[in-house]
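[1] predicted model follows, preceded by the sequence.
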Amino acid sequence: MIEDASRMTIPDWASCTEEELWEYVASHLKAHGIDTVLVGGAVVAIYTR
């Protein structure tokens with residue numbers, strides 16, 4: 001679930017997961033009216049763990 005960008009904390013870039021990174025980026029894009037969709041390998045990388 002994408003959180004409100006204003007309430008998200010900046011991830012630890014050295015140790016964040018792909019899912020945390022995607023949620024952070026997607027929340028900031030959503031705040032500017034840009035919807036995101038994960039496709040292909042990104043979906044597999046996040047949802048098979």
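    Okay, I see it. All values reported here derive from a predicted model rather than from experimental measurement. Numbering: from 1, shown residues only.

[2] same for the worst-scoring helix or strand of the chain on mean pLDDT, what does it pack against?
    Taking mean pLDDT, DSSP states H and E as the measure, the helix or strand of the chain with the lowest value is helix 41-47, at a mean of 77. Secondary-structure packing of helix 41-47 (3 or more Cβ pairs under 8 Å, 6 or more residues apart in numbering; DSSP states H and E): helix 18-31. All C-beta atoms are positioned from the backbone trio N, CA, C, and that covers glycine.

[3] may I see the buried residues of the helix it packs on?
    Judged by neighbour count using 16 or more other Cβ atoms under 10 Å, the buried positions of helix 18-31 are 20, 22, 23, 24, 26, 27.

[4] tell me the contacts of the first one?
    Same thing as residue 20. By Cβ atoms under 8 Å, 6 or more residues apart in numbering, the contact set of residue 20 is residue 11.
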